[in-house]
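> Pasting the sequence and the predicted model now:
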Amino acid sequence: MMNKIIITLVAIFLLTQVSFAQEKLSIDKVVAKVGGEIILLSDIESQYAYTKSQAPAGEFGRCQIVEAVIGQKLIVHQAKLDSIIVSDSEVDAQIDFRISSVLRQMNGDEERFKEYYQMSVDEMASNLREDMISQLLAEKMQQQILMEVEITPSEVQEFFNSIPKDSLPFLSAEVEVAEIVAAPKVNEIERLKALQEILEIRKSIVSGEADFAAMAKKHSDDPGSGAQGGELGFAERGSYVPEFEAEAYQLEVDELSEPVETEYGFHIIQMIERRGNKIKLRHILISPEITYDDIDLAKIELDTVRAKLERGELEWNKAVVKHSLKTAQSYNNGGRLQNPNTGKTFFQTAELPPEIYFATEDMEVGDVSVPLEYLNQRGQTEYRIIKLLTRTKPHKVSLEQDYAKIQELAKENKKNAYFGDWIAEKLDETFIKLDEGYLECPSLEKYLR
């Protein structure tokens, strides 16, 4: 039972981000030692508070949390014994990612960050460092432990046969679909109109007739930054599209760029501050207008592709490479859509976007739909044609129809058993001492020595 709890909670801790809002105890003390690792009272209380906020009420108590943290520290201790290395660059990258994610939600406002967390960005990075090193060590150790676990067809069969027949789940209807996406292309007249507008805005700012922030609020087509006077906050390389970033990193502080064209339209960019590899910018975006004629051309293009597919003049995968939007998530996967809820390519029909659900309802496997209109994440009109790759009817799970899913479950089950055995073995080999005055937990009595 203990091993099962440890595996469950270690998985939770390894997969979740470091909590930025951990309460700091005014008095801290060591409550346990695991090999060369110590467990502080604050470790237990912060994990307990976090898990309580994420898990169903009452599912995990402090005794179970202590068991789980012992498991965590055991993995970190073993990682150090096995000379597993975590580089400074890996630690810095993970901390930067987490802090940048929070800053993006605050529109890059470091003062707001400091007010909310009662510490600066640099102080937070320093505060997270030791926890991040332990987390990365534990992740690498776990990966190394489970790397060798494989599953054979006979083990899949054995796993399936071990499930009571009256407990086999009933699966809903599922489909796999692929897409080819076309976005309306801006015509040259509208493109030149947008360029002229951004040039006039830039001229008024350079001449001193207008204030950058005021112009951003009034004219920018980027609603997020426009409302903040064009400010984008601090970001590092890789945060922006290439054309924008290439120009931004060439600017000196307070310098205003010439118009830069990206997939979003025309920008003027101003450098506010540099901090090492990070830059703080503001920009104004003018997006060319997409006309009804532009939209119709995108639809006609997909209709032409569909006709060639139906006549056998074009093979699907080649059509994706040649005609689909390269920025579409599906582009590098043969057009296959990925279910955001599972990360897999299978969708229960209720999970499909409405336009795809209705289009595929009467399609046969292998059919290709007419062009379907939808709005992308930026609220812009795009078109896609859909190919129905597979369809399963509602059925009780079976090896014949669901082998891949059963294989995956069997492998995860084997990994859990293997990991549990590893933990049990290392628990017996490792010196563990628990402060007997902290908690009364029957399952932890063996460590009271």
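Received, thanks. The shown structure was predicted, so the numbers you read here are calculated from the model rather than taken from an experiment.

> what are the phi and psi angles of the closest residue to R237 other than its chain neighbours?
Counting by Cβ to Cβ, 6 or more residues apart in numbering, N277 is the residue found nearest to R237 once chain neighbours are left out, at 6.2 Å. For the C-beta atoms, the positions are set from N, CA and C on the backbone; glycine is no exception. Backbone geometry at N277, expressed as degrees, to the nearest 10, gives phi -90, psi 0.

> What is the neighbour count of N277?
Look at N277: counted by other Cβ atoms under 10 Å, it has 10 neighbours.

> which helices and strands sit right next to the helix or strand harbouring Y383?
Using DSSP states H and E, the element containing Y383 is strand 381-392. For strand 381-392, the packing partners by 3 or more Cβ pairs under 8 Å, 6 or more residues apart in numbering; DSSP states H and E come out as strand 174-182, helix 292-310, helix 354-360, strand 372-375.

> Now the element after it, going C-ward?
Counting by DSSP H and E, the next helix or strand C-terminal to strand 381-392 is strand 395-396.

> Quickly run through the sheet partners of that following strand, with directions.
Take DSSP bridges as the rule and strand 395-396 pairs in its sheet with strand 170-171 (antiparallel).

> List of residues touching the strand it pairs with?
Surrounding strand 170-171, the residues in contact under the criterion Cβ atoms under 8 Å, 6 or more residues apart in numbering are T392, P394, H395, K396, V397, D402.

> Now do it: distance to the chain's middle.
Centroid displacement of strand 170-171 relative to its chain, using Cα atoms, centre = their mean, to the nearest Å, is 28 Å.

> can you give me the mean pLDDT across whichever helix in the chain runs longest?
Taking DSSP state H as the criterion, the chain has its longest helix at helix 399-429. Averaged across helix 399-429, the pLDDT comes to 90.

> Can you name every helix or strand that that helix contacts?
Helix 399-429 packs on helix 2-15, helix 62-81, helix 121-146, helix 153-162, going by 3+ Cβ pairs under 8 Å, 6+ apart.

> now H323: how far from Y331?
Going from H323 to Y331 by Cβ to Cβ, to the nearest Å gives 10 Å.

> what's the answer for R391, then?
For R391 relative to Y331 (Cβ to Cβ), the value is 23 Å.

> related to what we said a few turns ago, and the residue nearest to R237, what pLDDT?
With respect to pLDDT, N277 scores 80.

> Same check on K218?
Confidence at K218, expressed as pLDDT, is 93.

> tell me the SS of it?
Secondary structure assignment for K218 (DSSP: H, G, I helix; E, B strand; the rest coil): helix.

> Over to E258?
Assignment for E258 (three-state DSSP): coil.

> For it, give me its contacts.
R202, E247, I268.

> So which of the residues you listed is the closest to A138?
The closest of these to A138 turns out to be E247 (Cβ to Cβ; 41.2 Å).

> Confirm for me that the closest one is in contact with I269.
Yes: counting by Cβ atoms under 8 Å, I269 is a contact partner of E247 at 6.1 Å.

> what is in contact with these two at once?
S257, V260.

> Look at the two and report which has more neighbours.
I269 (25 against 19).

> Counting by contacts, list what the host helix or strand of that one packs against.
Using DSSP H and E, I269 maps to strand 265-275. Contacts defined by 3+ Cβ pairs under 8 Å, 6+ apart place strand 265-275 against helix 188-206, strand 231-235, helix 242-248, strand 260-262, strand 278-286.

> I'd like the ones you listed laid out as CSV, including distance to L146.
Converted to CSV, the helices and strands packed on strand 265-275 look like this (distance: least, Cβ to Cβ, whole Å):
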stretch, distance to L146
helix 188-206, 53
strand 231-235, 35
helix 242-248, 37
strand 260-262, 42
strand 278-286, 36
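
> any idea which of those is most buried?
Mean neighbour count (mean count of other Cβ atoms under 10 Å) peaks for strand 278-286 among the helices and strands packed on strand 265-275, with a mean of 23.

> re the thing from before, D421: which of the helices and strands packed on helix 399-429 is closest?
helix 2-15 (8.0 Å).

> For the closest residue in space to Y357 that isn't next to it in sequence, the count of nearby residues, please.
Nearest in space to Y357, with sequence neighbours left out and distances taken as Cβ to Cβ, 6+ apart, is T349 at 6.0 Å. The local packing of T349 (other Cβ under 10 Å) involves 15 other residues.

> who's in contact with T349?
So T349 contacts S172, A173, E174, V175, Y357, T360 (Cβ under 8 Å, 6+ apart).

> Test my guess that the last one contacts I385.
Which is T360. No: contact criterion Cβ under 8 Å: T360 and I385 do not qualify, at 11.7 Å.

> Need the residues touching each of these two.
S369.

> Looking at those two, which is more packed in?
When T360 and I385 are compared on other Cβ under 10 Å, the one with more neighbours turns out to be I385, at 24 against 21.
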